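S.K.: would you be able to build a 3D model of this:
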Amino acid sequence: MSRRPDRVTQLLLLLLLGVVVLIVAGTDRYLDYVRAGFRPLLLGAGGVLVAMAVGGLLRRPPGRPEHAGPAVGWLLAAPVAVVLVVAPPALGAYSAGRQAAPIAVPAAPPSPGIGADDPGTDHRTMTLLAYAIWSLQPDTAALDGRQVRLVGFVSPRAAGGWYVTRFSVNCCAADATAVRVAVPDGAADLAPDQWVEVVGRFAEPLVDPAVGYPEPAIAATSVQVVAPPADSYE
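M.R.: Here you go, the predicted model:
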């Protein structure tokens, strides 16, 4: 008959989990898992776990014998340690290729236009999702004659060129959805997962036979390799 880890082991594991949550939330690493606004909640949850564990250890009566649990119980700490030592990266090109799906386009765009150009530039920075929604509208006049700047990572495209890609999340990486904009004439020397800044003009949506539905596209006028942002999700 298997035995549960003893009370002290349980409390120490709870303490370890709380410390790991605080460490991850105290750096930009938490952005690989949840939206930026969740940091206070993570810090609060980590603090509660640490307080519960420390409180339990302090309330333990001195000299009270513990029923020793199996040593294998400490293997429960392995997943927590993995997050600290070998943290999984943010979702990338591999995941994007397996989550491809049509973008849900609202009946009307979210605003009257795409807004003014960025200060001191001749382009407007947009999220990939916003650009996709605008470019798949029946009326794309708001994009006519405008240059748009998109930032994302490269993912492969079967019909040629590549996609500039980013994941959109509502809560965390578990509900992430890949948003891809085709760069059909993109340079061939870029590797998957390489982050790029694409400046270009609206191009008519393309139907890639590999996916079978219209996808947003951009006619790139410049492509520059950039450093990955701290927050890789939209």
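
S.K.: what's the domain layout of this structure?
M.R.: Taking automatic domain parsing as the reference, the chain has its domains at 7-85, 93-225.

S.K.: what's the span of the last one, first residue to last?
M.R.: Using CA to CA, to the nearest Å, the end-to-end distance of domain 93-225 comes to 16 Å.

S.K.: residue 96 and residue 169, how far apart?
M.R.: Relative to residue 169, residue 96 is positioned 13 Å away (CB to CB, to the nearest Å). Quick note: C-beta positions are derived from backbone N, CA and C, even for glycine.

S.K.: output the domains of the chain in JSON lines; the columns should cover mean neighbour count, distance to residue 234 and mean pLDDT.
M.R.: Below are these laid out as JSON lines (neighbours: other CB atoms under 10 Å; distance: least, CB to CB, whole Å; pLDDT from 0 to 100):
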{"stretch": "domain 7-85", "mean neighbour count": "14", "distance to residue 234": "10", "mean pLDDT": "73"}
{"stretch": "domain 93-225", "mean neighbour count": "17", "distance to residue 234": "5", "mean pLDDT": "89"}
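
S.K.: need these in a markdown table (columns: distance to residue 232).
M.R.: Below are the domains of the chain laid out as a markdown table (distance: least, CB to CB, whole Å):
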| stretch | distance to residue 232 |
| --- | --- |
| domain 7-85 | 7 |
| domain 93-225 | 7 |
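
S.K.: those domains: which one's closest to residue 231?
M.R.: domain 7-85 (4.5 Å; CB to CB).

S.K.: contacting residues around the longest helix belonging to the chain?
M.R.: For the chain, the longest helix by residue count, based on DSSP state H, is helix 39-59. Outside helix 39-59, the residues that touch it by CB atoms under 8 Å, 6 or more residues apart in numbering are 7-8, 11-12, 14-15, 17-22, 24-26, 30, 34.
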